[in-house]
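Peer 1: Give me a 3D structure for the following:
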Amino acid sequence: MATLRVPPDPAGRRPAAAELWRALTGWSSRLVSGLHQTWRRSLQVRVVTITLVASSLLVGGFAYLIADKITNILVENAETDVLLRLQSGSDYSAKQLSLFSQPQEAQLQDTIDGTVNYLAGGDPQQTSGVVVALTADNYTTIIKPRSSPDVDFQPLISRELRAAVAGGNVAHQIRTGRLTGEGRTKYLVYGSPVPTRFGQVELYYLVPLTRQEATAADARATVVATGVALVLLLGLLAALVTRLVVTPVRLAARTAQRLSAGLLDQRMAVNGEDDLALLAASFNQMATNLQRQILRLEEMSRLQRRFTSDVSHELRTPLTTVRMAADLIFAERDEFDPAVARSAELLQAELDRFEELLTDLLEISRFDAGFAMLDAEPTDLVPVVHRVADRLAGLAERVGVTIELDVPATPVIAEVDPRRVERVLRNLVGNAVEHGESKPVVITLGADDTAVAVTVRDHGVGLKPGEEKLVFNRFWRADPSRARQTGGTGLGLSISLEDARLHGGWLEAWGAPGQGAQFRLTLPARAGDRLTTSPLRLVPADAPLPFGGPRDGGRLAIGPGSGGALAIGPVPGADTERAEARS
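Peer 2: Below you'll find the predicted structure:
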């Protein structure tokens, strides 16, 4: 039975290689990211790393200088020794060769051979490594170059060295070559002229630097090993020192985190009397003072909430009695004197305002005590907006303001508490009408998949820089001298802000002097969801751009409103930074 062999598909190996490359790339990127994160988060790692790098550079520089100095000293010693031997050998060679006046004399070559052997140590076969050579370049056809031991030394003598020696100078070089079968070796080559009666002969000493190189290598290895040990010791010392300093700081950070989480009884351990102990003691004293201050403020806040709640409840009983009497007088005001009738009307209006103030105080006390509950249910916000506009139409007509609606023709359903949403919109529209300066007030309703939003835009006096945050403070008024038309209590926007937060939403304000103001209420479409963007833009389209910049990251698009009204919607993610800041 034959076996079918399928050759491997080269194209099939490419995906495997690509997968391996992606895996390696992903692993390297994760490693780099992890190292970068560790570098940023750990003070001890940074100190130890900087210490290691700095000490490595410093020790490496010193090691290089020391090793170079040792090498130079060894070479200088070798040069001095060779130079002494060269001078002695040159004198000896001159004496031996002074007996000959012609290079053709029979005993000259033997004398040269004997001189070379004597200078090399007497043994023509010595293997100490030092090569002594005599040569007469002008008479090479008559006098053969001779060295002991007998090797080809001429490749190690450069032309420059020959020219210097031929000129009557003592010269030297360091050359690398092979004279024996032991491999390439570095040689210190010294040359000196030897004067004779028939001309000049050249004497060369070729000294191997093997021992010096070995000694220098041992010195370098010792210096490097000592340097590595020193660097590691410095790194260990830096780690220990920084640990002594960083550990109390880490304990302080963890203790501060627990304190910020509400565990006010957390303290640091105080050990010794040094600066770190002083830091721990000071931290504990600060924590004790903060705990005492926080407990005192909590007690004052509790007493304040209880006082507000008790006063509001206790005033209900006399207010009810006064209300009954005032209603009776108000019903019979037509039979009274005009001045008394006017007083009855003023009494009725002030009682209404007083009752509204008590209601707002009770609501604020519920928010402060954390007892406010959200009764969310699927609600169509279109009728809610219409209902708010209808209820404030009379007030708008009295002050000469027109209320304009820009709402979708289809239902806008969201899980909200309709009573609280209507109260927020009533406060926003009432404020816009009061500050509208007889100019139109525009109410816009928008929605997307995750949120619903309502903006209330007026074209009145506007807000000064910084007042967009102050408007939500309790009893704050932009212009205390202005006469109020709605008889508000000064708590409306504060309660509206708490209502928006209870829904998990946003209530924001924008304004510019002379350009009016716009308030935006953004609520999640489903109760409990987290907001990231708003369907409507906070800064209106007709507002002047600061320095030509974009408005809240928004864009203009034809929205779902009736009549093709312009709805202002944000680019996805435009309000993400605001959402993260609130959370």
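
Peer 1: list the helices and strands the strand ranked longest in the chain packs on?
Peer 2: Secondary structure assigned by DSSP state E gives strand 185-195 as the longest strand of the chain. When contacts are defined as 3 or more C-beta pairs under 8 Å, 6 or more residues apart in numbering; DSSP states H and E, strand 185-195 sits against helix 43-97, helix 159-166, strand 171-177, strand 200-208, helix 210-260. C-betas here are computed from N, CA, C, even on glycine.

Peer 1: just those: most buried one?
Peer 2: Highest mean neighbour count of those: strand 200-208, a mean of 22 (counted as mean count of other C-beta atoms under 10 Å).

Peer 1: check contacts around the closest residue to residue 277 other than its chain neighbours.
Peer 2: The spatial neighbour of residue 277 that comes closest, neighbours along the chain excluded (C-beta to C-beta, 6 or more residues apart in numbering), is residue 270 at 5.3 Å. By C-beta atoms under 8 Å, 6 or more residues apart in numbering, the residues touching residue 270 are 277, 280, 281, 284.

Peer 1: My reading is that residue 270 lies in a strand. Confirm?
Peer 2: No: assigned with DSSP: H, G, I helix; E, B strand; the rest coil, residue 270 falls outside any strand and is coil.

Peer 1: what separates it from residue 282, distance-wise?
Peer 2: 10 Å (C-beta to C-beta, to the nearest Å).

Peer 1: ok, now residue 359?
Peer 2: 49 Å.

Peer 1: all helices of the protein, in order?
Peer 2: For the chain, the helices defined by DSSP state H cover 10-41, 43-97, 108-120, 159-166, 210-260, 275-331, 338-369, 381-391, 393-399, 418-434, 467-470, 492-502, 576-582.

Peer 1: For residue 526, find the nearest of the ones you listed.
Peer 2: The closest of the helices of the chain to residue 526 is helix 381-391. By C-beta to C-beta, the value is 13.9 Å.

Peer 1: List of residues touching that closest one?
Peer 2: Outside helix 381-391, the residues that reach it (C-beta under 8 Å, 6+ apart) are 403, 405, 407-408, 411-414, 416, 418, 421-422, 425-426, 429, 443, 445, 452, 454.

Peer 1: in this structure, what secondary structure element scores lowest on mean pLDDT?
Peer 2: Sorting the helices and strands of the chain by mean pLDDT, DSSP states H and E puts strand 554-558 at the bottom, at a mean of 30.

Peer 1: just to revisit the earlier point, just name the closest of the contacts of residue 270 to residue 259, please.
Peer 2: residue 284 (10.7 Å).

Peer 1: Would you check that the closest one makes contact with residue 265?
Peer 2: No: counting by C-beta atoms under 8 Å, residue 284 stays clear of residue 265, with 11.0 Å between them.

Peer 1: okay, those two: which has more neighbours?
Peer 2: Each of residue 284 and residue 265 has its neighbours counted (other C-beta atoms under 10 Å); residue 284 has more, 17 against 9.

Peer 1: ok, for that one, nearest residue in space, not its chain neighbours?
Peer 2: That would be residue 267: by C-beta to C-beta, 6+ apart, it lies 4.7 Å from residue 284.

Peer 1: Tell me how many other residues surround that neighbour.
Peer 2: 17.

Peer 1: From residue 344, how far out is it?
Peer 2: Taking C-beta to C-beta, one finds residue 267 at 65 Å from residue 344.

Peer 1: check contacts around residue 158.
Peer 2: 173, 175.

Peer 1: try the one 4 residues further on
Peer 2: Under the criterion of C-beta under 8 Å, 6+ apart, the contact partners of residue 162 comprise 137, 191, 202.

Peer 1: Residue 47: which of those residues is nearest?
Peer 2: residue 191 (58.1 Å).

Peer 1: List the beta-bridge partners for that closest one.
Peer 2: residue 171, residue 204 (DSSP bridges).

Peer 1: residue contacts, it?
Peer 2: Per C-beta under 8 Å, 6+ apart, neighbours of residue 191: 157, 161, 162, 164, 165, 170, 171, 172, 202, 203, 204, 205.

Peer 1: Which residues are in contact with the residue lying closest to the last one once chain neighbours are set aside?
Peer 2: In space, and not counting its chain neighbours, residue 205 is closest to residue 190: 4.7 Å by C-beta to C-beta, 6+ apart. Contact partners of residue 190, counting by C-beta under 8 Å, 6+ apart, are 79, 82, 83, 86, 170, 171, 172, 204, 205, 207.

Peer 1: Residue 216 too?
Peer 2: Residue 216 neighbours (C-beta under 8 Å, 6+ apart): 67, 70, 71, 74.

Peer 1: With pLDDT added, can I get those residues in JSON lines?
Peer 2: Shown next, in JSON lines, are the contacts of residue 216 (pLDDT from 0 to 100):
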{"residue": "67", "pLDDT": "85"}
{"residue": "70", "pLDDT": "89"}
{"residue": "71", "pLDDT": "87"}
{"residue": "74", "pLDDT": "88"}
